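Participant: sequence and computational prediction follow.
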Amino acid sequence: MSNLFAAIPTGITAFIATNLDDIIILLLLFSQVNRGFQRRHVVVGQYLGFTSLVLMSMPGFVGGQLLPQTWIGMLGLVPIAIGVNRLLNRDQEEESDQDLTVAASSPFVSFLSPQVCSIAAITIANGGDNIGIYMPLFASCTVESLLVILSVFLSLVGVWCYAAYQLTRVPMIAETLTRYGNLLVPFVLIGLGVMILFESHTLEDQSLTVLTLIVSTVAMVTMNRKALLPQKN
């Protein structure tokens, strides 16, 4: 029973870590609501896109039933790597978010498909990190805790949509979230990865601890080199 209760804050943390930047996109989408583009298009499209991301992450749960729990914990390095990568390549992340918001406001996208499908496509395009976080998270879950986490996720999608719509009415809050939201995400991701490592007891195994340090060092060196490379115009 305690594990089921623990799944609630885990689900909340994972959702916030992977969807904090979505608030910015939802703010833009809700600000464009009119007679032809309604709030329900945004909400249904967001649910459709998010559900697709969850389904794409489910192979992690299947693998988690076949591998030892301590080895599954190694997947906690994935959100840590994503968080560190965001810290080292912050400018590129901001440019990526700008590209997505431009796509969301483009009439060409709306012309190609119905409004709901357009929103779903934007959600999926912005959800690469979601899959990287959810797969290791699902891999460490039991069936019961997975159901709890999925329930939390689906509830928070509605909360996210409601919050974004309300924020469009408060320009000062929207501006603050846009400015500082991306600074917060990397640290939440790193914290989530560390939590997965500890909950899976991976660091209690000396050989896995050494392997974790080696993989982390190699990843850090690789990402640091990437961050130092000159950007192409």
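Facilitator: That came through, no problem. This is a predicted model, so every value here is computed, not measured.

Participant: okay, now the closest residue to His41 other than its chain neighbours: neighbour count?
Facilitator: Take His41 and drop its neighbours on the chain: the residue closest to it by CB to CB, 6 or more residues apart in numbering is Gln115, 3.9 Å away. C-betas here are computed from N, CA, C, even on glycine. By other CB atoms under 10 Å, the residues close to Gln115 number 18.

Participant: residues contacting Gln115?
Facilitator: Residues counted as contacts of Gln115 (CB atoms under 8 Å, 6 or more residues apart in numbering) are Gly36, Phe37, Gln38, His41, Gly45.

Participant: what strand or helix carries the fourth one?
Facilitator: If I follow you right, that is His41. helix 39-57 (DSSP states H and E).

Participant: and that helix, how far out from the chain middle?
Facilitator: Computed by CA atoms, centre = their mean, to the nearest Å, the chain-centroid distance of helix 39-57 equals 13 Å.

Participant: buried sites along it?
Facilitator: Residues of helix 39-57 classed as buried: 41-54, 57 (neighbour count, 16 or more other CB atoms under 10 Å).

Participant: with stretch 153-163 instead?
Facilitator: Neighbour counts over stretch 153-163 (16+ other CB under 10 Å) mark Phe153, Leu156, Val157, Trp160, Cys161 as buried.

Participant: return the residues in contact with the first one.
Facilitator: Contacts here follow CB under 8 Å, 6+ apart; on that basis Phe153 touches Gly11, Ala14, Phe15, Phe50, Val54.

Participant: mind listing what Met58 touches?
Facilitator: Phe138.

Participant: repeat for Ala163
Facilitator: Ala163 touches Ile23, counting by CB under 8 Å, 6+ apart.

Participant: do you know the pLDDT at it?
Facilitator: With respect to pLDDT, Ala163 has a value of 90.

Participant: next SSE after the helix or strand bottoming out on mean pLDDT in the chain?
Facilitator: When the helices and strands of the chain are compared on mean pLDDT, DSSP states H and E, helix 107-112 comes out lowest with a mean of 42. Once helix 107-112 ends, the next helix or strand along the chain (criterion: DSSP H and E) is helix 115-125.

Participant: report all helices and strands that the helix or strand just after that following helix contacts.
Facilitator: As assigned by DSSP H and E, the chain's next helix or strand after helix 115-125 is helix 128-139. Applying 3 or more CB pairs under 8 Å, 6 or more residues apart in numbering; DSSP states H and E, we find helix 128-139 packed against helix 2-19, helix 39-57, helix 59-64, helix 77-88, helix 143-167, helix 171-199.

Participant: and if we set it to 10 Å?
Facilitator: In terms of contacts (3 or more CB pairs under 10 Å, 6 or more residues apart in numbering; DSSP states H and E), helix 128-139 is packed against helix 2-19, helix 39-57, helix 59-64, helix 69-72, helix 77-88, helix 115-125, helix 143-167, helix 171-199.
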